[in-house]
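Engineer: I'd like to go over a predicted model; first the sequence, then the structure.
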Amino acid sequence: MIVGVDEVGRGPLAGPVIAAAVILSPADDFAYQDSKQCTPKKREQIFARLMQQSVEWRIGLVSSQQIDQMNILQATLLAMKLAVNQLHHPVTHVHVDGHQMPNWDYTATTHIKGDQNFRCIAAASIIAKVIRDQMMSRYDVRYPGYDFDKHKGYPTRAHIERLVALQPCDIHRRSFGPVKKIEKAGIMVEI
C-alpha cells in the first residue's frame, strides 16, 4: 500500500497544523492536483470523491499549544507521523511532500513539490486542506470577531488588524513573532 502524506497549516498564526495520509485505490485514476491549485469549491468536490473512493485516509493534528511547545517543524513532523501511524492497512512505502520526514520505521521518500508530481501526495493535500479549513470555520463561530472563516489563521492584513484589536485568543500561536509582539505591546505589526 503506497501512502501519500502532506501537511497544511505551517504558516498561519492560529490553529493547528494538520497532516493527511491517504492510500488511493488502484482503480482510482483521477488526476488529483495540489490543493493550492484548486478553488475551495473544487477542493470540496475532490474531498467528497476521496472520502468515497480512497482505500483509507487518516489525519494527524498538532494544536497551536503543542506548536508553541515544540516549534512548527517538529509539530509538522509529528502530525505526519500521527497520520501514518493511524492507518490500519499495512504500509509498503510513504511518499512525503517536502524535504524532511519524521523519524519512523516506514520505507519513505521525500519529494520537493511532491504535491504537484504525485497523485497520492496531492490527494493528501486536499484532505488536509479541507479538514483544516472546516476547523477554522468552526473556530470562527467559537471566537467571533477574528474572521477565521475568511483568512483561516494566515497572517493577512485583516487578521493582523483583528489580532491587534482583540488580542490573541486560545488558538493563536504565541511563539510566532507577530502574535508575540502584539500580545506584549498591543501594537500593529508590519506584514
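Structural biologist: Yep, that arrived. Residues are numbered from 1 along each chain as shown.
Engineer: Could you pull out the helices in the chain for me?
Structural biologist: With DSSP state H as the criterion, the chain has helices at 40-53, 64-70, 72-85, 114-117, 119-142, 148-151, 157-166, 177-185.
Engineer: Nearest to Asp97, out of these?
Structural biologist: For Asp97, the closest of the helices of the chain is helix 114-117, at 4.0 Å, according to Cβ to Cβ. The C-beta positions use only the backbone N, C-alpha and C, and glycine is treated the same way.
Engineer: since we're on Asp170, how many residues are nearby?
Structural biologist: Burial of Asp170 is recorded as 11 neighbouring residues (other Cβ atoms under 10 Å).
Engineer: Look up how far Asp115 lies from the closest residue in space to it that isn't next to it in sequence.
Structural biologist: Of all residues not flanking Asp170 in the chain, Tyr143 sits nearest, at 7.4 Å (Cβ to Cβ, 6 or more residues apart in numbering). In this view, Tyr143 and Asp115 are 29 Å apart by Cβ to Cβ, to the nearest Å.
Engineer: Of those two, give the one with the bigger neighbour count.
Structural biologist: Per other Cβ under 10 Å, whichever of Tyr143 and Asp115 has more neighbours is Asp115, with 29 against 17.
Engineer: Just give the nearest non-adjacent residue to the more buried one, would you?
Structural biologist: Nearest to Asp115 is Asp34, by Cβ to Cβ, 6+ apart, at 4.0 Å.
Engineer: Run through the residues that contact that neighbour.
Structural biologist: By Cβ atoms under 8 Å, 6 or more residues apart in numbering, the residues touching Asp34 are Asp115, Gln116, Ala122, Ser125.
Engineer: ok, which pair from those is furthest apart?
Structural biologist: Pairwise distances across the contacts of Asp34 (Cβ to Cβ) peak at 9.4 Å, for the pair Gln116 and Ser125.
Engineer: returning to that earlier point: could you export the helices of the chain to CSV, including columns for distance to Ala19?
Structural biologist: Shown next, in CSV, are those (distance: least, Cβ to Cβ, whole Å):
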stretch, distance to Ala19
helix 40-53, 15
helix 64-70, 13
helix 72-85, 4
helix 114-117, 12
helix 119-142, 6
helix 148-151, 20
helix 157-166, 23
helix 177-185, 22
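Engineer: Need the ones you listed in CSV (columns: mean pLDDT and distance to Met101).
Structural biologist: Below are the helices of the chain laid out as CSV (pLDDT from 0 to 100; distance: least, Cβ to Cβ, whole Å):
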stretch, mean pLDDT, distance to Met101
helix 40-53, 95, 22
helix 64-70, 98, 16
helix 72-85, 98, 7
helix 114-117, 92, 11
helix 119-142, 97, 12
helix 148-151, 97, 29
helix 157-166, 94, 30
helix 177-185, 89, 27
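Engineer: returning to what we had before: nearest to Ala83 among the contacts of Asp34?
Structural biologist: For the contacts of Asp34, the residue nearest Ala83 by Cβ to Cβ is Ser125; the value is 12.3 Å.
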